[in-house]
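Peer 1: the following block contains a protein sequence and its predicted model.
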Amino acid sequence: MTESVPPHPFDDRDALTWLRSQPDGRVTASAAELGRQWGWNRMRTSRRLKSWEVAGLIRRNAEAIIVTTSVTTAVTDETPAVTELVDVTGASDPKSIRRSATSVRLAAFIVALALAAVSATFSIDGLTAIFAGAFWPVVIMGAVLEAGKLVAAAWLTEHWNSAPSLLRLVLVSMIGVLMGLNAIGVFGFLTRAHLDHMASIDLALADRTADIEARLAIQGRTVADLDRRIAQIDTAIEESTRLGRPLGAMTIADQKRRERAEITAQRQREAQALGSIQIEKAKIDTQRRRAEAEVGPVRYLAELIGTPAIDLERPVRLLTLALVAVLDPMAVVLLLAAGTHTRRVGQR
């Protein structure tokens, strides 16, 4: 076999066409020799030959390669079973398969960008809380780093086989570090949101509860003082009557009647005010129970994992960590999947 370096690397169809062009569709060569002929590296050539053999496009006998069928679109290294053969019955529909693959790729790409945008927003917001003195620099830095992470992941997907090992290692390490920084920012954002909400509820209810308790105490003492003064007048009248001085008792009663009536009327007003304060306190208790109902799912989660129901922070932290663990990694993985599919379609 004479070797010649092609002006540009073959795609899968070109490589299979070249094999069919050999005498009797047969060639005896190693993967390295074929790779040089097609402009591929040895690893890619070996994977393609294996996938074509599994798909039934070629047969291999030692180093002899025999083309067994005509092919319109070659298989890829990752999915050797996905082939499109020329079928005289017209059973295969390449256009339909291509449209379906494009739709899935587009959906993966859109969802990856949406997840990355949400993750970046949460992360940047959380980092600005940590570095509050440099708000805009942190926002710009976070946005640029997030874009760099996604571009690096897409670049690795496209050039994994041809990129030097050291460059791949550096980029993978940087992507991992950036994902860790993103997780820290998202964790800070979510925990701050939870703590701010609980603190605002506790602060508002604590202030109102303290005010109501103070008013209840003062109003209770006022009503008790009025009751004591009325009781003193009644005691004086009873004492005069008991000592056999009804005339004195009537005189005291006449003298204290107006005072007692005024005190009684004031006592009624103060008792009504006390009742209103008690109603306000009942409303605050209702609001407190409603606020506790908002964290009811967290309480159930705490019981589920064996944490005391009064310790609600631990299950919240575990839930936050679970969200952090899937948000940004899912965006990167979907982007890699979309890029991988793009490369396959491009090769076909």
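Peer 2: Thanks, I have it.

Peer 1: from now on I want contacts and neighbour counts done on CA atoms only, so please keep to that.
Peer 2: Will do.

Peer 1: for the chain, what's the longest helix?
Peer 2: Ranked by residue count under DSSP state H, the longest helix found in the chain is helix 165-242.

Peer 1: from the contact counts, what lies against that helix?
Peer 2: Using 3 or more C-alpha pairs under 8 Å, 6 or more residues apart in numbering; DSSP states H and E, the elements in contact with helix 165-242 are helix 94-130, helix 135-159, helix 246-294, helix 313-347.

Peer 1: now the shortest one: buried residues?
Peer 2: In this case it means helix 135-159. 138-139, 142-143, 145-146, 149-150, 152-158 (16 or more other C-alpha atoms under 10 Å).

Peer 1: distance from it to the middle of the chain?
Peer 2: Computed by C-alpha atoms, centre = their mean, to the nearest Å, the separation of helix 135-159 from the middle of its chain amounts to 19 Å.

Peer 1: which residues does that helix contact?
Peer 2: Taking C-alpha atoms under 8 Å, 6 or more residues apart in numbering as the criterion, the residues outside helix 135-159 that touch it are 116, 120, 123-125, 127-128, 131, 163, 168, 171-172, 174-175, 178, 332, 335-336, 339-340, 343.

Peer 1: what about residue 39, neighbour count?
Peer 2: 19 (other C-alpha atoms under 10 Å).

Peer 1: circling back: which stretch among the helices and strands packed on helix 165-242 approaches residue 19 most closely?
Peer 2: When these are compared for distance to residue 19 using C-alpha to C-alpha, the nearest one is helix 313-347, at 17.2 Å.

Peer 1: pLDDT on that closest one, on average?
Peer 2: Averaged across helix 313-347, the pLDDT comes to 74.

Peer 1: buried sites along it?
Peer 2: In terms of neighbour count (16+ other C-alpha under 10 Å), helix 313-347 has its buried residues at 313, 315-316, 320-321, 324-325, 327-332, 334-342, 344.

Peer 1: go ahead and confirm residue 227 touches residue 266.
Peer 2: No: under the criterion of C-alpha atoms under 8 Å, residue 227 is not in contact with residue 266, lying 10.3 Å apart.

Peer 1: how much space between residue 151 and residue 115?
Peer 2: As defined by C-alpha to C-alpha, to the nearest Å, residue 151 lies at a distance of 15 Å from residue 115.

Peer 1: an error on my part: the question was meant for residue 22.
Peer 2: With distances taken as C-alpha to C-alpha, residue 22 is found 50 Å from residue 115.

Peer 1: compare those two (neighbour count), which wins?
Peer 2: Neighbours were tallied for residue 22 and for residue 115 using other C-alpha under 10 Å; the higher tally belongs to residue 115 (21 against 13).

Peer 1: list the contacts for the more buried one?
Peer 2: For residue 115, the set of contacting residues under the criterion of C-alpha under 8 Å, 6+ apart consists of 327-328, 330-331.
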